[in-house]
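Asker: Got a predicted structure here, sequence first:
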Amino acid sequence: MPIYHTLGSIPQKRHTVFRKPDGELYAEELVSTEGFSSLYSLVYHCHPPTIVKSLGEPYSVEPKIAREKHLRHTSLIGFNIKPEDDYLKSRKPVLVNSDLHISLAAPKKSMTDYFYKNSQADEVVFIHQGSGTLKTGFGKIKFEYGDYLVIPRGTIYQMEFNDESNRLFIVESFSPIRSPKRYRNEYGQLMEHSPYCERDIKRPEDLETIDQFGDFKVLIKKQGLIYPYTYGTHPFDFVGWDGFHYPWAFSIHNFEPITGRLHQPPPVHQTFEGHNFVICSFVPRKYDYHPLSIPAPYNHSNVDSDEVLYYVDGDFMSRKSVVKGQITLHPGGIPHGPHPGTVEKSIGKEKTEELAVMIDPFRPLMLTEDAIAIEDESYHKSWQINVE
């Protein structure tokens, strides 16, 4: 979220002398995006961030594509992803294209032996189950059920979980993640008609400067490979920083739904945007209030985009037999709509308690081997009715 923020100690002017109590200089680092043309922060380290003691052999974490081209409504039972101790090993990419990767994860243990950096993708980590603390050099962010953690590319971090029951829905975006442009004025401030505002944003706090020498394992992801680095100083040695580039969080429970007399289209639920895709939040809300309104969504022909829905909680008036953690993929090129009987059933309903995350990508998604392993192969038949 492009809001100016600062923590710790910084000099009055940038790129000027800034000394430690013993007279040595702090190491200034510019963390910039899109060259020098977009969001950035200035970070002040106890030691230069370039002290690398060793490099290990890179290894692949590239998604294994099982179904590159397809035209079938698909459902994945997300909670069938088995929990694993390690955070990175638990991340299973299920739907991917050249703009984003969608993964499921069920990590049991906190990251204690290493740090992680995604060097080419912003990450949106939706917390479906669990709680804990995101730790970075920028500070700490406590997270809980319903939080979106937005971690910009290049951020070294650790996830600390409060217990072993964790379920995560993760989007890796190869373009910056931002709030929808139509909700911001020319100065970047969220406007009155936006479904959330700056007060809803959780920013880093409790900056802890860790001034240590040693062997610190940092796993860096780039182009489908993990590069094992060993740094000679602790990655969280920030003494201070300021700018617009830093991790932040937003709770889906703070999204204020936009409603109307008649059924509102999915763009009113938009929460974030990236290049060639959007992320939306479906939250509890009042239904349409026209006396003849039909609350259930109408049939929709996806012409230019796929549609992904990740079911979090509550009841869905347009679907039958929905379970928590389920993912539905409705590919572009064929229509989808409410299940038989749900349209009539929705008439007269006053509200919904549904909670879900939706992603509309404008390039087709491919299914991975991990997706095929949790697929409900009969889902595409769920609209069938008895026709004599």
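Answerer: Looks like it came in fine.

Asker: got the CA coordinates for stretch 315-329 in CSV?
Answerer: The C-alpha trace of stretch 315-329 is given here as CSV (Å, rounded to 0.1, in the frame of the first residue of the first chain):
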residue,chain,number,x,y,z
ASP,A,315,-22.7,-20.6,2.8
PHE,A,316,-22.8,-19.9,-0.9
MET,A,317,-26.2,-19.5,-2.4
SER,A,318,-25.0,-20.2,-5.9
ARG,A,319,-23.1,-23.5,-5.2
LYS,A,320,-24.0,-26.9,-3.7
SER,A,321,-21.6,-29.0,-1.6
VAL,A,322,-19.0,-26.3,-1.1
VAL,A,323,-16.3,-27.1,1.5
LYS,A,324,-13.7,-24.9,3.1
GLY,A,325,-10.5,-24.6,1.2
GLN,A,326,-12.1,-25.6,-2.1
ILE,A,327,-10.9,-24.0,-5.3
THR,A,328,-13.1,-23.7,-8.4
LEU,A,329,-11.6,-22.8,-11.8
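
Asker: Please point out which parts of it sit buried.
Answerer: Phe316, Met317, Ser318, Arg319, Val322, Lys324, Gly325, Gln326, Ile327, Thr328, Leu329 (16 or more other Cβ atoms under 10 Å). In this view, the C-beta of every residue, glycine as well, is placed from N, C-alpha and C.

Asker: Inside strands: which ones of those?
Answerer: Gln326, Ile327, Thr328, Leu329 (DSSP state E).

Asker: my read: the second one touches Leu309, true?
Answerer: Yes. With contacts counted by Cβ atoms under 8 Å, Ile327 reaches Leu309, the gap being 7.1 Å.

Asker: Nearest to Arg14 among the ones in strands among the buried residues of stretch 315-329?
Answerer: Ile327 (44.6 Å; Cβ to Cβ).

Asker: Name whatever forms a beta bridge with that closest one.
Answerer: Ile327 forms beta bridges with Leu76, Tyr310, as assigned by DSSP bridges.

Asker: mind checking how far it is from Pro338?
Answerer: Separation of Ile327 from Pro338 (Cβ to Cβ, to the nearest Å) stands at 18 Å.

Asker: Likewise for Phe169?
Answerer: Distance from Phe169 to Pro338, by Cβ to Cβ: 23 Å.

Asker: least confident pick among the buried residues of stretch 315-329?
Answerer: Confidence by pLDDT is poorest for Ser318 among the buried residues of stretch 315-329, given 60.

Asker: Does the closest residue to Ser110 other than its chain neighbours fall in a helix, a strand, or a coil region?
Answerer: Excluding its sequence neighbours, the residue lying closest to Ser110 (Cβ to Cβ, 6 or more residues apart in numbering) is Glu160, at 4.5 Å. Three-state call for Glu160 (DSSP: H, G, I helix; E, B strand; the rest coil): strand.

Asker: Would you confirm that Glu160 contacts Thr136?
Answerer: No. In this structure Glu160 lies outside contact range of Thr136 using Cβ under 8 Å: 11.3 Å.

Asker: Name the residue in those two with the higher neighbour count.
Answerer: A count of neighbours by other Cβ atoms under 10 Å puts Thr136 above the other of Glu160 and Thr136, at 21 against 16.
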